[in-house]
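Asks: below is the sequence, then the predicted model.
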Amino acid sequence: MTRDISPDIGMIKLCLTEAHDCSYLPDRQSTTAFVDPEMRIDVELYSRMTTLGFRRSGPYLYAPKCAGCNACIPARVPVDNFKCSRAQKRCWKKNDDIMVEQLDSINIGEHFPIYARYIEQRHSDGDMYPPLRRQFEDFLGNAWECTQFLEFRLGDQLIGCAVIDVIHNGLSAIYTYFDPAFSDRGLGVLAILVEIDMAQRLGLEHLYLGYWISGCDKMKYKTNYRPLELYRQNSWRIAE
């Protein structure tokens, strides 16, 4: 990512993909809008676009713009009001032997095998299957200047990683992957709890969780973090 004076939002050029099969809802077509990749994007612009419902994937800022469908709804947790459930407290306690280290770069050779096993065993029906090292590097390995990696280790063993971006008013959770051999530890839950705690310690307001989609089982977990705000009709509102 390079720094530049952020343009007015109304001056940003958006590009649209061709309609393609939706990755989340069957029998639907998806179209994605993304910020012109020729535009220089600094943290200020990234932060502003995030509050408007955009997400980062690799080098792109994007948002769903599907004809006749508004199922993908941006979601975020207002971290100062977050209430930890009993199950989430148990997850914290269960994993108190895990060391979390915050880094601005990772060893791709150490991380990719874990990512590959995660995709192969947990997401073999998704568009990231089969896992490829070049895909991993483009999606997660090439950090922006605001990107941080939260490594999860048991002793010296790497067992998972949460990739986040630190923006002006919060953290954006980009992706989490972990060794499926440790699935019983609830590392996906732990990652979000660590991110909420980190946002609180940094004095940031929100943890952005990407899109919540009603009717999509893969997205249901986001409603476990309360209160949850959803971006509807150009404003953020507490989900009921």
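Replies: Now that the structure is in, tell me what you want to look at. Numbering: from 1, shown residues only.
Asks: what are the buried residues along the longest strand seen in the chain?
Replies: Criterion DSSP state E: the longest strand present in the chain is strand 157-167. By 16 or more other Cβ atoms under 10 Å, the buried positions in strand 157-167 come out as 158-167. C-beta coordinates here come from the backbone N, C-alpha and C atoms, glycine included.
Asks: quick check: I114 is in a helix.
Replies: Yes. Counting by DSSP: H, G, I helix; E, B strand; the rest coil, I114 is located in a helix.
Asks: domains for this protein, by residue range?
Replies: The chain breaks down by automatic domain parsing into domains covering 9-74, 76-232.
Asks: closest one to I238 among those?
Replies: Among the domains of the chain, the nearest to I238 by Cβ to Cβ is domain 76-232 (5.2 Å).
Asks: could you list every helix and strand in contact with the longest strand of the chain?
Replies: helix 43-51, helix 108-122, strand 147-154, strand 170-178, helix 187-201 (3 or more Cβ pairs under 8 Å, 6 or more residues apart in numbering; DSSP states H and E).
Asks: other residues contacting that strand?
Replies: 43, 46-47, 50, 56, 98, 106, 110-111, 114-115, 140, 144, 146-153, 171-179, 181-182, 187, 191, 194-195, 198, 202, 204 (Cβ atoms under 8 Å, 6 or more residues apart in numbering).
Asks: pull out the buried members of the residues you listed.
Replies: 43, 46-47, 50, 56, 98, 106, 111, 114-115, 140, 144, 146-152, 171-179, 182, 187, 191, 194-195, 198, 204.
Asks: please identify the helix or strand for A33.
Replies: For A33, the host element (DSSP states H and E) is strand 32-35.
Asks: for I213, find the nearest of the helices and strands packed on strand 157-167.
Replies: For the helices and strands packed on strand 157-167, the distance to I213 is smallest for strand 170-178, at 15.8 Å, taking Cβ to Cβ.
Asks: what helices and strands are in contact with that closest one?
Replies: Strand 170-178 packs on strand 55-57, helix 108-122, strand 157-167, helix 187-201, strand 206-213, going by 3+ Cβ pairs under 8 Å, 6+ apart.
Asks: hmm, back to that, how big is the angle separating the longest strand of the chain from helix 187-201?
Replies: 40 degrees (axes from the mean of the first three to the mean of the last three Cα atoms, to 10 degrees).
Asks: which non-adjacent residue is nearest the spatially most central residue of the chain?
Replies: The centre of the chain sits closest to I174, judged by Cα atoms, centre = their mean, with a distance of 2.6 Å. Counting by Cβ to Cβ, 6 or more residues apart in numbering, I174 lies nearest to V163, which is 4.3 Å off, once chain neighbours are set aside.
Asks: so what's that neighbour bridging to?
Replies: Counting by DSSP bridges, V163 is bridged to F149, Y175.
Asks: what distance do you get for it to H123?
Replies: For V163, the distance to H123 (Cβ to Cβ, to the nearest Å) stands at 15 Å.
Asks: give me the buried stretch members for the strand holding A33, please.
Replies: For strand 32-35, by 16+ other Cβ under 10 Å, it's 32, 34-35.
Asks: got the CA coordinates for that strand in CSV?
Replies: C-alpha atoms of strand 32-35 as CSV (Å, rounded to 0.1, in the frame of the first residue of the first chain):
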residue,chain,number,x,y,z
THR,A,32,-18.6,-7.3,-7.4
ALA,A,33,-17.6,-3.6,-7.4
PHE,A,34,-14.0,-2.8,-6.6
VAL,A,35,-12.0,0.3,-6.4
